[in-house]
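1. Sequence isn't available, so here's the structure alone:
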C-alpha cells in the first residue's frame, strides 16, 4: 500500500496548471492518479488544491486508525486467550 499526495505543475502552451496527485487502490493495487485542479495563477485553484490535500491526509489518518485498532484488538485477544 502506498500513501501520499501532492501537487504537480504541468505546462502547456506557456500556461501552467496544477494537478493533484494521489494514490488510490485499484483492483488490489496502489496506483498513482492525477486530477486537474486549475491554473497556477488562480487563487481558487490553490485553495481547492490545499483542501484536496487536507482531505486526503484526513482520510488516510482515519484509515490508519481503523487498521491500528483492528491490529490492537487482535493482539489483545491473543494475549487474553493464553
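-> Here it is on my side, so go on. This one's a predicted model, so the numbers in the text were calculated from it and none came from an experiment.
2. who are the neighbours in contact with the spatially most central residue of the chain?
-> Nearest to the mean C-alpha position of the chain, by Cα atoms, centre = their mean, lies residue 56 at 3.9 Å. By Cβ atoms under 8 Å, 6 or more residues apart in numbering, the contact set of residue 56 is 5, 22. For glycine as for every other residue, the C-beta is placed from the backbone atoms N, C-alpha and C.
3. separation between it and residue 46?
-> According to Cβ to Cβ, to the nearest Å, residue 56 stands 16 Å off from residue 46.
4. any idea of the mean pLDDT for the helix or strand that contains the residue nearest to the centre of the chain?
-> Following DSSP states H and E, the helix or strand that holds residue 56 is helix 43-80. For helix 43-80, the mean per-residue pLDDT is 93.
5. how about it: buried residues?
-> Buried residues in helix 43-80, counting neighbours by 16 or more other Cβ atoms under 10 Å, are found at 45, 46, 48, 49, 52, 56.
6. In terms of distance to residue 12, which of the residues you listed ranks first?
-> residue 45 (14.7 Å; Cβ to Cβ).
7. Without its sequence neighbours, what residue ends up closest to the closest one?
-> residue 38 (2.7 Å; Cβ to Cβ, 6 or more residues apart in numbering).
8. Please verify my assumption that the one you found contacts residue 48.
-> Yes: counting by Cβ atoms under 8 Å, residue 38 does reach residue 48; the two are 6.6 Å apart.
9. what's the distance between stretch 6-16 and the middle of its chain?
-> The chain centroid and the centroid of stretch 6-16 are separated by 20 Å under Cα atoms, centre = their mean, to the nearest Å.
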